[in-house]
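S.K.: I need the structure of the sequence given here:
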Amino acid sequence: MIQGEPSGSAIILRLLRISLHVGFAVLLLVAMARVLMSGPELSGWFTLVLAVVLAAVYLVGTVLEKRHSTDANRFDPRRYAPWWLGAVSALWLVLIWSSADFVWLAFPLFFLQLHVLRRRVALPVIAVSTVLVVVALWFHNRGAAGPALELPMVLGPVFGAAFAVITGLAYRALYLEAENQRLAAEELRRTRGELARSQHDAGTLTERARLAREIHDTLAQGFSSIVLMGRSAEKALDDGDTATARERLRTVQETASANLAEARNFVRGLQSPALEQMSLAGSLRRLCEKTEAEAAARGAGLRCRFDLEGTPVELPNPYSTTLLRAAQASLANVWVHAKASTAVVTLSFLGAEVAMDIYDDGVGFRPEAAGSGVGPDKPQPQDGSGYGLRSLRERVAALAGTLDIESAPGEGTVVAIRLPLVDTSATAEPAHGKPAGGDRP
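M.R.: Here you go, the predicted structure:
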């Protein structure tokens, strides 16, 4: 069923309601016409006025019900429905004692009684109404038929009431089914709305996580390098060493340009500019050179070397990006935290997998402490630390890889990453993966 299109039971209910109202109006008009044709006297005009009042009361109730069914925010007449039915029935009782032509309004009233009243109340009321119809027919025909009741006077109303009860019960069953369908449709629309909102929120969180890891691995590290190089250039100028200051400023310009290119690529959702300009091996070699220069500007004698083992193969973009980001974050931790004199980045192509090891001979740390990560019960530190290891683990896990960290205080650190190369053509960029190289405690 098309959304917004009424169901079959709803259409049947609508036709039954229209037929009920039309039937009531036709029977009332016929009765009023017969009263007029009989040449009404004072009592006849009183009967016509009561019939008009009955029509007005009936019309007000049906209009209010229709307005509420089309707009639930409008006045709800259901709590007053029994009182409305009582007024209609009272007017009908006066009319049937005034003229026998109005007794046939009992049949649409039977349906109203079943619809408005509870079944245990409606059935006795219908029975009483049927008796009143029989008595009214006998009362108005006693002069022609004598005091005895004729069989048609009884069978007609009884069979009419029975038919009305059976039809009314079927109508009520259809009404309940339509109401259940309406509630189910509303629940479905509400569930779909909640699902759409949850998917939107999940997409927002995914994009936020992607930007967080990219900013952590590129822009944040680049800005840190710019600050460091700026301080180094300032110190060189104070010492009168213009050559060193010029070299540091050139590094600042290169880092700022690289950060600008990375920011533009975030917006376009492309791969790292470094990987667009050269291979992964070339990008890692250049990263080692840059790390060594930045360490020198900080006054640290760090030697950073890149080694390539095996025959290089073209890697999917998610693999290359993950390995490059892991190396960037890990080496940033090396020259900022590790106080190392040597760092080695080894990229190995081992047939069914690609491996990268980042080694440094620095102060080391306890992986179990830093590796506990940041979780629901361990919020991220306000200074942004503690992000690297969690990021790296998620990146590697998203590519079905493995991560091993070997370190101890005073014994250096080895970060080992293994990524399988089976069916890499179907690999997509990890949605929640984060960068490499855990922040040192």
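
S.K.: can you give me the helices in the stretch 201-350 of the chain?
M.R.: 220-238, 242-268, 273-277, 280-297, 317-333 (DSSP state H, counting those that start in this stretch).

S.K.: just so I know, which of those lies nearest residue 205?
M.R.: Nearest to residue 205 among the helices of the stretch 201-350 of the chain is helix 242-268 (16.7 Å), distances taken as C-beta to C-beta. The C-beta positions use only the backbone N, C-alpha and C, and glycine is treated the same way.

S.K.: Next, the angle helix 280-297 makes with the closest one.
M.R.: Relative orientation of helix 242-268 versus helix 280-297 (axes from the mean of the first three to the mean of the last three C-alpha atoms, to 10 degrees): 140 degrees.

S.K.: Could you provide the helices of the stretch 201-350 of the chain in a markdown table, with additional columns for distance to residue 71 and mean neighbour count?
M.R.: As requested, the helices of the stretch 201-350 of the chain are exported to a markdown table (distance: least, C-beta to C-beta, whole Å; neighbours: other C-beta atoms under 10 Å):
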| stretch | distance to residue 71 | mean neighbour count |
| --- | --- | --- |
| helix 220-238 | 55 | 17 |
| helix 242-268 | 46 | 15 |
| helix 273-277 | 58 | 16 |
| helix 280-297 | 64 | 19 |
| helix 317-333 | 53 | 24 |
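
S.K.: who's in contact with residue 60?
M.R.: Contacts for residue 60 (C-beta atoms under 8 Å, 6 or more residues apart in numbering) come out as residue 84.

S.K.: Now do the same for it: helix, strand or coil?
M.R.: The local conformation at residue 60, judged by DSSP: H, G, I helix; E, B strand; the rest coil, is helix.

S.K.: From residue 154, how far out is it?
M.R.: Using C-beta to C-beta, to the nearest Å, residue 60 is found at 34 Å from residue 154.

S.K.: Ok, residue 100 next?
M.R.: Where residue 154 is concerned, residue 100 sits at a distance of 15 Å (C-beta to C-beta).

S.K.: what's the answer for residue 128, then?
M.R.: 15 Å.

S.K.: When the two are compared, which one has more neighbours?
M.R.: Neighbours per residue (other C-beta atoms under 10 Å) separate residue 128 from residue 154, with residue 154 holding more: 16 against 12.

S.K.: got the contact list for that one?
M.R.: Contact analysis of residue 154 by C-beta under 8 Å, 6+ apart lists residue 134.

S.K.: Please shift the residue numbers so they start at 634 in all later answers.
M.R.: Okay, using 634 as the starting number, the last item reads as residue 787.

S.K.: secondary structure element for it?
M.R.: Using DSSP states H and E, residue 787 maps to helix 784-847.

S.K.: Spit out the contact partners of the nearest residue to residue 1038 once chain neighbours are set aside.
M.R.: Once flanking residues are discounted, residue 1038 sits nearest to residue 1000: 4.3 Å by C-beta to C-beta, 6 or more residues apart in numbering. Residue 1000 makes contact with 1022, 1038-1040, 1071, according to C-beta under 8 Å, 6+ apart.

S.K.: Mark which of the residues you listed are part of helices, please.
M.R.: Of the contacts of residue 1000, the ones assigned to helices by DSSP state H are residue 1022.

S.K.: hang on, the earlier thing: what's the spacing between the residue nearest to residue 1038 and residue 991?
M.R.: From residue 1000 to residue 991 the distance is 13 Å (C-beta to C-beta).

S.K.: What lies in contact with stretch 789-803?
M.R.: Applying C-beta under 8 Å, 6+ apart, the contact partners of stretch 789-803 are 736, 739-740, 743-744, 747-748, 755-756, 759-760, 762-763, 766-767, 770.

S.K.: thought residue 681 was touching residue 665?
M.R.: Yes - applying C-beta atoms under 8 Å, one finds residue 681 in contact with residue 665, separated by 6.0 Å.

S.K.: Please compare these two by neighbour count and tell me which comes out ahead.
M.R.: Legend: neighbour count by other C-beta under 10 Å for residue 681 and residue 665, higher for residue 665 (21 against 18).
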